[in-house]
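> Just a sequence and a predicted model for now, questions to come.
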Amino acid sequence: MARMTLSITAMLVALAGCSPAPESSPSAADRALPAGSRDDLRPVQAADRPAITAEKIKGDLVGRKVEVSDISSQGPDTEWTFEADEFKQVEILERHATEQGLTVDIYITTRNNPKPDEDSVQVSGKLQLHYEWRLVRWVLTRVDNLTFRYSVGVST
């Protein structure tokens, strides 16, 4: 009987050690966040959806028009249309999840392909791109100009 009591006690002690671990204290990174924001953290892009890359953005911008002003504020406002064959350099600055999809802030530099009698035009600055997930792909729905400006005959 004493052996049975010892065996049962040993099993109970072993089972007690198998209970879930207590929740750990917040990490230093979590403690640095404002109160309440730890619960608001969510992934910026779903793992089962393809990433929005700089290459995708370059293609998505083709044919899009953006109102731009002169970098020196001396020229007229005009409309820039992104062409497929123009140089484009895109750097993704930030991504934000929204109710509708994703907002992507980029810094972009592009320029025209001037003909012999045309001026060289370079356009650069920040754009905010709004994407929505539609069926099986990300679709660019809107482009907002944050600091995208043009210069004529001068590289910026």
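Nice, I can see it.
> Report the residue ranges of every domain in the protein.
Structural domains assigned to the chain are 2-39, 51-152, following automatic domain parsing.
> Redo the ones you listed as a markdown table? Include mean neighbour count.
Every residue, glycine included, has its C-beta placed from N, CA and C. Compiled in a markdown table, the domains of the chain are given as follows (neighbours: other C-beta atoms under 10 Å):
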| stretch | mean neighbour count |
| --- | --- |
| domain 2-39 | 8 |
| domain 51-152 | 15 |
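> Comparing those domains by mean pLDDT, which bottoms out?
When mean pLDDT is averaged over each of those, domain 2-39 scores lowest at a mean of 49.
> can you pull out the strands in this structure?
Under the criterion DSSP state E, strands of the chain are mapped to 65-70, 78-81, 88-97, 101-111, 121-134, 137-145, 149-152.
> Which one of those lies nearest to residue 53?
Residue 53 sits nearest to strand 88-97 of all the strands of the chain, at 7.9 Å, using C-beta to C-beta.
> Render the CA-only coordinates of the closest one in CSV, please.
Included here for strand 88-97 are C-alpha records, laid out as CSV according to Å, rounded to 0.1, in the frame of the first residue of the first chain:
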residue,chain,number,x,y,z
LYS,A,88,12.2,53.9,-62.7
GLN,A,89,14.0,53.4,-59.4
VAL,A,90,11.7,52.4,-56.5
GLU,A,91,12.5,52.2,-52.8
ILE,A,92,9.8,50.9,-50.5
LEU,A,93,9.7,53.0,-47.3
GLU,A,94,6.7,51.7,-45.3
ARG,A,95,3.8,49.3,-45.6
HIS,A,96,0.6,49.7,-43.6
ALA,A,97,-2.3,47.3,-43.4
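> That one - contacts with which helices or strands?
helix 54-61, strand 101-111 (3 or more C-beta pairs under 8 Å, 6 or more residues apart in numbering; DSSP states H and E).
> tell me the angle the last one makes with strand 137-145.
Spelled out, it's strand 101-111. Strand 101-111 runs at 60 degrees relative to strand 137-145, counting by axes from the mean of the first three to the mean of the last three C-alpha atoms, to 10 degrees.
> what's in contact with strand 101-111?
With C-beta atoms under 8 Å, 6 or more residues apart in numbering as the test, strand 101-111 has contacts from 44-45, 52, 54, 57, 61, 80, 82, 86-96, 120-133, 138, 141, 146, 148.
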